[in-house]
Structures are given as structure tokens and as C-alpha cells.
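below are the sequence and a predicted model for it; my questions follow.
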Amino acid sequence: MLWVGLPMSVPLGWMLLSQSRRGDPLWFLTSVTHDHFGATDPTVFLTGPGGMSVWLAAVGLFVGIRTVREHPGLRVYGAMLAMSWLFVIWVFATGNLPSQLPERMMYPALLLSAPLIGAAWAQWSPGRQLGVVTMLLLSSAAYLISLPNAVPSAERQLARLVGEAYAGGQLAGDEHVVVSGSYPEMTAVLITSGQSDRVHLEDVGRRCPHRVLECDSPCGPPAWRDAIALVLVSGEAVRRDMAGRGWSRVTRVGTYEVFFRHEGAPPLCPGGGSSGGD
């Protein structure tokens, strides 16, 4: 019973933390149910960190199949591992690769293959074990060293600007930020700013994208629309439009112009026009 309860303490603890911090025990799932990024392109996934996770899981599957053949008592683990791969195939076939850290979908296959690899590992000679460990350490180090910084300097600077605006009081806790630009750069701003509840991406989303700058989405206005106090925009037409609305341009970072809503400036959609919502 102890060995069953010990691994369950991790997900249960995670759920308790989510309940205490967010009021929802499954927040780690529901927070990305209707995210604003859309599904990840499978080719992009396979050429990034996701490709490494698929390769490792495939090795685990191969070793696991051989182990189950030699040890029929491990068939339950083998069946669970096969089901995890059916899940992976379903995700690819339906175009439902998650937008944030899509390699996490490989975690069940990796975890379930661990006991099967362990059973095979115990039968290997010490020399073979040492060789495998050395190969894995060297290949992992080479892969990590070769990875470029995924977030360009301009997007990191914008993320710091947003974080410092909240920390320094230029933005109140109930005020919001909208980022309008090209994908995936504006996604990098949202993720690295650490303000996912208060930073929103313009015109990106699978179900109902936010279009608060256009005021023409049929989905209805989000509750935070009139609380927007900072807009990061890229594109000449959008910059001219923001200046014409009476918002103050404070700086330029890369291709982005930063506009603050000064006191007395009109809302983004005067007259209660429709805008994108969740």
C-alpha cells in the first residue's frame, strides 16, 4: 500500500496546491483548455525539444516490448505503455498538440517505460550499463549546449518592461496588457513576463481570439477590456491607430511600440463596441 500511495502523493499534492493558490484543483489542465496560442505545428514540435522526447520514448517502447516478452509478469506495464502511445498517436492525428511545452504529452510514455527499462537494465553487465550511461550523458550535454536561446532579446526586454511596470506601480494589479504583433514573438512576451492572467495576445486563438484593438469580434467583450492600460504593438497601421486614440507612446523595443493609457484617454472601444472574449 505504501508503494502505491507514495507516487500518488505527487499529483495529489499538486492538486492541493492548485486548489489553495487558484481555487481549482485541476488548474494545471483547465488553464490551457482555451489558451490563446492554437495548436503546435507537428513539424515544429518534432524539430525542437519534442523530437528528443519522442526519440527517448521510442527507445523506452522498444526496450519495454523486449522486456515484456521475457517477463510475462510485466504485461500490465506493457499494456499501459501501449495505451500511452495510442494517446500520442491520437494527439498527432487530431492536431491537438498543446501550444505550451508540447513535449509534456510524452511524459506518460516515458514514465511507464521506466520500470520496463529498469527490469532490462538489471540484467545487463556493469560494462554495458556504464557504456549506456556515458552515451546518454554525452548526447544530452551536446544537445543542451547546442540549443539556442528560444526567446529573442527584444521579447525578453518587453517581458521585463511588463513585469517592472506591475512591480513599480505604473500598472495596478487590476490593470491589463495587450500584445499585438507576430507569432511566436508575442507569445514569448506573455510567457516570460510571468503575468499570464493579465497579459493577453491580440487576434490569436483557436476558439475565440481577442480582438480588442479592432472592436469587431462576435464573441463579446472580455471582462478586462476597459481595464487595459498598456498596449505593445508591432505594425505601422496599428501604431498610427493607437496614437490617434490619445494613448501615450513611451518607448520602442525592437519592432514594438509601447503605449500607456494616460489619465483621461478614452477606452479602446468607446461606445461599448464588441470585442473578442474567452
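Received it, and whenever you're ready, just let me know what you need.

quick one, strands of the chain?
Remark: strands assigned in the chain by DSSP state E are 176-180, 199-201, 228-234, 248-253, 256-260.

surely residue 51 meets residue 45?
Yes. Between residue 51 and residue 45 there is a contact under C-beta atoms under 8 Å: 7.3 Å. Every residue, glycine included, has its C-beta placed from N, CA and C.

pLDDT of stretch 45-55, averaged?
For stretch 45-55, mean pLDDT rounds to 80.

pull out the buried residues from it.
For stretch 45-55, a neighbour-count test (16 or more other C-beta atoms under 10 Å) marks 45, 46, 49, 50, 52, 53, 54 as buried.

quick one: residues in contact with it.
40, 88, 97, 102, 103, 106, 110, 143, 147 (C-beta atoms under 8 Å, 6 or more residues apart in numbering).

could you rerun that using 10 Å?
39-44, 88, 91-92, 97-98, 101-107, 109-110, 139-140, 143-144, 147, 150 (C-beta atoms under 10 Å, 6 or more residues apart in numbering).

buried set for stretch 54-69?
Under the neighbour-count criterion of 16+ other C-beta under 10 Å, stretch 54-69 has 54, 56, 57, 60, 61, 63, 64, 67, 68 buried.

and the residue nearest to the second one when sequence neighbours are not counted, how many neighbours?
Spelled out, it's residue 56. Sequence neighbours aside, residue 110 is the residue nearest to residue 56 in space, at 6.3 Å (criterion: C-beta to C-beta, 6 or more residues apart in numbering). Residue crowding around residue 110 was assessed by other C-beta atoms under 10 Å; the count is 19.

how about residue 89?
Residue 89 has 9 neighbours, counted by other C-beta under 10 Å.

and the gap between it and residue 241?
45 Å (C-beta to C-beta, to the nearest Å).

now swap in residue 263 and tell me
20 Å.

among those two, which residue is more densely surrounded?
Neighbour totals were compared for residue 263 and residue 241, and residue 241 leads with 15 against 5 (other C-beta under 10 Å).

can you pull the contacts of the nearest residue in space to that one that is not next to it in sequence?
Nearest residue to residue 241, sequence neighbours excluded (C-beta to C-beta, 6+ apart): residue 213, at 7.3 Å. Applying C-beta under 10 Å, 6+ apart, we find residue 213 in contact with 178, 180, 202-203, 228, 231, 233, 238, 241-242, 245, 268-269, 275-276.

and which of these is nearest residue 171?
residue 228 (10.2 Å; C-beta to C-beta).

enumerate every residue touching that closest one.
Residue 228 neighbours (C-beta under 10 Å, 6+ apart): 175-178, 198, 200, 212-213, 222, 247, 261, 267-269.

of those, just the buried ones, ChimeraX syntax please.
One line in ChimeraX is enough to select the buried members of the contacts of residue 228, burial here meaning 16+ other C-beta under 10 Å:
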select :175,176,177,178,198,200,212,213,222,247,261,267,268,269
